[in-house]
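Colleague: Got a sequence here, can you model it:
(chains A and B)
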Number of protein chains: 2
Amino acid sequence: LVFGLLTPVDEQRVAEALLGAHYDLVTLVHVETNTGVVNPVESIGRLILPSDTLFFVDGACSIGAMPFPTDAWGVDISTTGSHKCLCSIPGLAVISVSKKAWARLPSPGFMGSYFDLETWWRSTNERKDLPPFTQPTTLVFALHEALRQIEQIGVEAWWSVHREVADRFIREMRAAGFHMLLDNGPAADDRESYSDTVVALEYPPNVSDQACRDLLMNEFGIFVIGNIGEFSNRSFRVGLMSPPQLEAVNLDSALAAFSVALKSPVVRLPR
Amino acid sequence: LVFGLLTPVDEQRVAEALLGAHYDLVTLVHVETNTGVVNPVESIGRLILPSDTLFFVDGACSIGAMPFPTDAWGVDISTTGSHKCLCSIPGLAVISVSKKAWARLPSPGFMGSYFDLETWWRSTNERKDLPPFTQPTTLVFALHEALRQIEQIGVEAWWSVHREVADRFIREMRAAGFHMLLDNGPAADDRESYSDTVVALEYPPNVSDQACRDLLMNEFGIFVIGNIGEFSNRSFRVGLMSPPQLEAVNLDSALAAFSVALKSPVVRLPR
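Modeller: Okay, here's the model as predicted:
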C-alpha cells in the first residue's frame, strides 16, 4: 500500500486490504524519520489483533519518548535502538516480541545464534545458558543506566517533557518564519499526527539548505543533517529525543541560531 | 579430523586428508582456549595455499599478542574480538578476508546487511555508501585507541612483552608446584606449542579446584574461571592478553596468591 508522505497511513485502506487477502505480516513505522508524521499504530493494531497476521512496528523514533503500549495496541514485534529515544549510546538493538509472534519464531539456527531469540531468552532472561558469545558489556551497562534514569523521572513524566518541548519548538519555529513539512499535507494542524521527537521543518522558498546548514555549523557549531529523498534541499529535521536535546539551554541556543540563520542574507537563494 | 586435546594438530594427517578429497574450507583454531596449545597455522596454510580450498583460522587468543601474518601464512579468513588480544572492550568482531576468499563471498542479502561484507567495505573503507545502520561509535573509538596504543609500543615489541611475561609466568608457576596441562602431552616442553596468551594450569592431584578458586576470590579478590570440558575441576586458565594482565604488579600479586593458595590446608582434598 502506498500512502502520501505527508499524511498518516489511512487505516480505512488498511482495513480494506486486510479484508481482501491474507497477510502473514503487516509492517508499519510509528514515527516517520523524514517527516515526523505519526502513524495510527493503535487503530491498525486493532484491525490485526483478531487475525493470525503479525504486526511489526518500527518504533525507533518513538519508543521511550511517546506512549507505545505494545500489548494494548496489538504490536507483535517492535524494534528500536539503544541510542534513539531510550537515551543511551548506539550499538544495541532493542526488540519486543508478543506471545503470538514468539510461537512463530523460525527454527533455531535459521539465522545463526546471533539472531536466535530463543538462545537470547535462555541466556539473558532465564540465565539457563551462557550467552553464545561475549556480550558488549559497556553498551548493556549504559542502556541499563539510561533506562534507570528514565524510570527515575517516570516514563509518563518523560513523555510529557517531550510533548512540552515539541509544542514549544514548533511554536517558536513557526514564529521565526519556518513551516513544518506536515503543514502542507492533510494532517496539517492535527497535533496527534506531529511527533514529539522528530520535527521536519521546511525552508521558506528563497532559502538555500546548504548555505543555511553551513552557516549553522560555522557560526554556531550546530551540525544539521539534511533531509532525505524528495525532501532533501528543502527541509531539515530536528530531533528531540535525548536529554541534551531537551535541555532548555540547548533548545534556546538552537532556536536563536535557526532564527538568526533564516534572516541572514548569506542563506538567500539568487533570484 | 580428531586430534588429542593436548597436542597441536598434526600437519601430516591434514596433508593426507587434503590429498584424499576436495574440501571447500579448512578451519583451525590458532590457540586453543582450554589448553593454550598453539596449532601450526603456517605449515597447514602452506598445504592449502596452492588449492582452491579456503583456510579459516580462529585467532581470538592470538591476534595482536602473537605473530599472525595472514598473507604469508595463507590465511583466507581470520576472526577475533575487540576485547581479546586487541586490548579493547567487547562488542566488535574483527575479521580479515583474503582476495581468494573475497571472490567467493555469498551473494548480497544472503545473511542480511548485518553480515554483508561488501556493504561494510563500501561504507566503512571506501566511504561510498552510508553504513546500513548506526554504528556502535563508542566501541569503534575504543578499538581505534587500543590499536593506536599497540602501534605506539610497536607490534613486535608487544609480542615480545607477551613472550617474556608467559615465560616468566610458566617458570614461576612451575616453581610454585603447578604443572601446565600441556606438560602431560606430546608437546611437553616444546615452547612453540605453548601460547603466550593462555596458560592452562593443572592442580596437583590432592587440590580442590573449587576450594582453590574460592580461596583466591575470598582472600585475594582474584576471580578465576574454571576450565571447560574434560579439564574442568582439574585445571584453570590464566589469560595474559591485556595491559592489566601483563603489568608486573598484577602478575606479582597473582603469582604470590596462586603460590599461597596451593600451600593452604583449605584447598586439600580429603583422602
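Colleague: Tell me which stretches of the stretch 51-200 of chain A form strands.
Modeller: Listed from the start of the chain, the stretch 51-200 of chain A has strands (DSSP state E, counting those that start in this stretch) covering A:54-58, A:77-81, A:93-97, A:179-180, A:198-202.
Colleague: among these, which is nearest chain B?
Modeller: strand A:77-81 (6.2 Å; C-beta to the nearest C-beta). Placement of C-beta: from N, CA and C, glycine included.
Colleague: Local confidence estimate at the nearest residue in space to A:D58 that is not next to it in sequence?
Modeller: Of all residues not flanking A:D58 in the chain, A:V29 sits nearest, at 4.3 Å (C-beta to C-beta, 6 or more residues apart in numbering or on different chains). What the model reports as pLDDT for A:V29 is 98.
Colleague: How about the one 10 residues further on?
Modeller: Reading off the per-residue confidence, A:N39 sits at a pLDDT of 98.
Colleague: now swap in A:P205 and tell me
Modeller: A:P205 is given a pLDDT of 87.
Colleague: Quick check: residues of the stretch 51-200 of chain A near chain B?
Modeller: The stretch 51-200 of chain A comes close to chain B at residues A:81, A:83, A:89-91, A:111-112, A:114, A:133-139, A:142, as judged by C-beta under 8 Å from any C-beta of the partner chain.
Colleague: Show the contacting residues for A:E219.
Modeller: Neighbouring residues of A:E219 by C-beta atoms under 8 Å, 6 or more residues apart in numbering or on different chains: A:A257, A:V260, A:A261.
Colleague: Give me the buried positions along the lengthiest helix in chain A.
Modeller: For chain A, the longest helix by residue count, based on DSSP state H, is helix A:155-175. Neighbour counts over helix A:155-175 (16 or more other C-beta atoms under 10 Å in any protein chain shown) mark A:W158, A:W159, A:V161, A:H162, A:V165, A:A166, A:F169, A:I170, A:E172, A:M173 as buried.
Colleague: beta partners for the residue lying closest to the last one once chain neighbours are set aside?
Modeller: Yep, that's A:M173 we're talking about. Closest residue to A:M173 apart from its sequence neighbours, by C-beta to C-beta, 6+ apart: A:L201 at 6.0 Å. On the basis of DSSP bridges, A:L201 is bridged to A:M180, A:F236.
Colleague: give me every residue that touches A:L201.
Modeller: Residues near A:L201 by C-beta under 8 Å, 6+ apart: A:M173, A:F178, A:H179, A:M180, A:L181, A:S235, A:F236, A:R237, A:V238, A:F258.
Colleague: picking that back up, from the residues of the stretch 51-200 of chain A next to chain B, list just the buried residues.
Modeller: Using 16+ other C-beta under 10 Å as the burial test, these include A:G81, A:H83, A:I89, A:P90, A:G91, A:P136, A:T138, A:L139, A:A142 as buried.
Colleague: Quick one: neighbours of the closest residue to A:E11 other than its chain neighbours, just the number.
Modeller: Nearest residue to A:E11 in three dimensions, chain neighbours excluded: A:S43, at 4.8 Å (C-beta to C-beta, 6+ apart). Residues lying near A:S43 (other C-beta atoms under 10 Å in any protein chain shown) number 16.
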